[in-house]
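J.: Okay, here's the prediction I keep looking at, along with the sequence it came from:
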Amino acid sequence: MLDHLHQKAAQTLASVDSVILSSFGPADIQTSRVACASDDLTLYVFISRSSDHLLNLEHRPEVVVAVDEWELHGTARLLAQEDIAARINLCDHIANAKKQTWDCTAEIRPTRLTFHSPSGQGNIETIDFF
């Protein structure tokens, strides 16, 4: 990946602290706003233990996360509790403020990041990850 595209994608992921997570699987289509944090090109989303997303992610790891300006397609993996501290360098405000609302953490590796047009008509740029 070209350095400037890598930097743009990493900055984009770092600029948000919540996203709309969409998953599909045995629990049908699920869409929820969830808290998130990023580390370079990895996005971490924080999911309630009672969420149907967990069932979906166990069977089908492909997800879409979105905000108004962009959407990210990727592959999610639920992390074990012991992996979370070792893998995520969370900002203190995320770890403390959001801890009450989530029980599980999913690591999302991006496959495609698409930037939407400010007018809402179409897309202006797509970055594919390999």
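T.: On my side now, so go ahead.

J.: Phi and psi next, for the residue nearest the centre of the chain.
T.: Residue closest to the mean C-alpha point of the chain, counted by C-alpha atoms, centre = their mean, is Leu43 at 4.5 Å. Dihedral angles of Leu43 (phi, psi; degrees, to the nearest 10) stand at phi -110, psi 130.

J.: List the beta-bridge partners for the nearest residue to it once chain neighbours are set aside.
T.: Counting by C-beta to C-beta, 6 or more residues apart in numbering, Leu43 lies nearest to Ile108, which is 4.4 Å off, once chain neighbours are set aside. Placement of C-beta: from N, CA and C, glycine included. When assigned by DSSP bridges, Ile108 has beta-bridge partners Leu43, Ala76.

J.: burial count for Ile108?
T.: Neighbours of Ile108 under the rule other C-beta atoms under 10 Å: 26.

J.: likewise Ser117?
T.: Neighbour tally, Ser117, other C-beta under 10 Å: 11.

J.: Tell me how far the residue nearest to it when sequence neighbours are not counted lies from Glu69.
T.: Residue nearest to Ser117 in three dimensions, not counting chain neighbours: Ile124, with 5.0 Å by C-beta to C-beta, 6+ apart. Going from Ile124 to Glu69 by C-beta to C-beta, to the nearest Å gives 10 Å.

J.: what does Ser48 give?
T.: Ser48 sits 25 Å away from Glu69, going by C-beta to C-beta.

J.: ok, now Ala37?
T.: Separation of Ala37 from Glu69 (C-beta to C-beta): 18 Å.

J.: Looking at the two, which one has more neighbours?
T.: Ala37 (22 against 13).

J.: so what strands line up beside whichever strand or helix holds that one?
T.: Assigned by DSSP states H and E, Ala37 falls within strand 28-39. Here strand 28-39 has these sheet partners by DSSP bridges: strand 18-25 (antiparallel), strand 42-47 (antiparallel).

J.: Could you tell me the least trusted of those?
T.: Mean pLDDT is lowest for strand 42-47 among these, at a mean of 92.

J.: Quick check: next helix or strand after that strand?
T.: Where DSSP H and E defines the elements, the next helix or strand beyond strand 42-47 is helix 53-59.
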